[in-house]
Every structure is written in structure tokens, then in C-alpha cells.
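S.K.: whatever this is, show me its structure:
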Amino acid sequence: MKASERFTEITGQTGIYNIQAIDNIPSIIRRGLLSNERAVSIKHKSIAMDEVQARRDNIIIPNGLKLHQYANLYFDPRNPMLFKRKSQNEEICILKFDRVILDFNGVVLSDRNASSSYAAFYEAKYGLENIDFKLVYARYWTDDNYFEQCRRKSIKCAEVLVPYGISYDYVVFAAVVNDAAADRLRLNGFDKNIFIEPKIFF
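M.R.: Numbering: from 1, shown residues only. All right, here's what the predicted structure looks like:
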């Protein structure tokens, strides 16, 4: 069974997500979703946290590339990163990518935020069996115990890492918070389905 099929069998899900600044859509249409390393030389708007990016810059995936040489996606976009950027909701879209990217050569899964000191990395076909999807897809990650909350918060951000980039062809649709964001997305050339899904956002 392919990793993409096993993913749906385990989770019932059909896609993987990228949280993106709407202003970057024209570049993504032309060049695809790029790794940090490839995007750095292109004019773009970053919604990433500087301190997290600095940490990611020093991580090398076991038997793989540097973390910043992968385009990264989340299993669940309603996660701590999106929460951190809630003041920018109208400037953000969530891109759904087809699950088939899990079958690409060199794809790596992290069982939590890839910048975590506790993250484990796996080939896609093995990683699916080692990720706590119950916590990944839980609506909330809060807990009365601070350390447990930190663990859940990190697992919520489990990642799919694709070497170098992913073609725009694999984007299925985009979700936005309201009509204004949808209009902004269309003005930036997005030509696929757009869903207004405020319940995904914070």
C-alpha cells in the first residue's frame, strides 16, 4: 500500500496543508511551494517566527538534507502556528495539497514540530505508524500540566517535509477566514476552489 493510501486509511484525511501569506501566491503559482533555502533569494512575505527559523536553520535530518532544504506542510493547519498569526487572519490562506505528495521520493515525516529537540524523523511509510494522529487532529492542545501541554503543542505541529519544493499543480484548494481574504486571494491569481472556513481560524 502506498503511503498516501495508508495515510487516508489511518486518518480519514485526504490532504496535507501549508499556512501561507496570500501575497506569496503569485510566486507559488509560478515556482511552486519552495523550501526556505530556495525561497530566501525570492522576494516573499514570511509569516514564520524568526526565532523558530533560526533554530530550524541548524537542523539536519538524519540520512537526509538540512531542514531548510525541505518544503514543509502540516497534517492539521489549525495549530499553534496559525494561532500565533491570528492577528493576520485576513492576510493568510491555508493551501490543501493532495495526499499523493506522501509518495514522492525523499519525503520525511516528523512526529512533532520539526524544530523540536524531541522530534523523530521517518520515511513516510514508516512515519505514519509513529505519529500520534489523535493528538495531531485534536481541536485543542491545552492541558493543566504545563509539560504535557508543551508535548501536545509540539505533536500538533507534526510535519511533512518534501525535498526542495512542490509544484502548484498539487494544490487542491485554499481556505480563508472571510470574503475579504477570498477576494485578496483571487486578486493574487489563485485559480482553484476557495472555501471560506472561519472555524479553522482562531
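S.K.: least trustworthy helix or strand in this structure by mean pLDDT?
M.R.: helix 50-56 (a mean of 68; mean pLDDT, DSSP states H and E).
S.K.: elements contacting the following helix or strand past it?
M.R.: Heading C-terminal from helix 50-56, the first helix or strand you meet, by DSSP states H and E, is strand 70-74. On a contact count with 3 or more Cβ pairs under 8 Å, 6 or more residues apart in numbering; DSSP states H and E, strand 70-74 meets strand 15-21, strand 33-34, strand 159-163, strand 165-166. The way it works is simple: take the backbone N, C-alpha and C, and place the C-beta from them, glycine included.
S.K.: can you pull out the strands in this structure?
M.R.: 15-21, 33-34, 70-74, 92-98, 108-110, 121-123, 159-163, 165-166, 171-176, 193-196 (DSSP state E).
S.K.: can you redo those strands as TSV with mean pLDDT and mean neighbour count?
M.R.: Shown next, in TSV, are those (pLDDT from 0 to 100; neighbours: other Cβ atoms under 10 Å):
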stretch	mean pLDDT	mean neighbour count
strand 15-21	97	22
strand 33-34	96	22
strand 70-74	97	23
strand 92-98	98	22
strand 108-110	98	25
strand 121-123	96	17
strand 159-163	98	23
strand 165-166	98	22
strand 171-176	98	21
strand 193-196	98	14
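S.K.: out of these, which is closest to D143?
M.R.: strand 70-74 (20.1 Å; Cβ to Cβ).
S.K.: so who does the most centrally placed residue in the chain touch?
M.R.: The geometric centre of the chain, computed from its C-alpha atoms, lies nearest to L73 (Cα atoms, centre = their mean), at 2.3 Å. For L73, the contact set (Cβ atoms under 8 Å, 6 or more residues apart in numbering) comprises I16, Y17, N18, L33, F97, I101, E159, V160, V162, I166.
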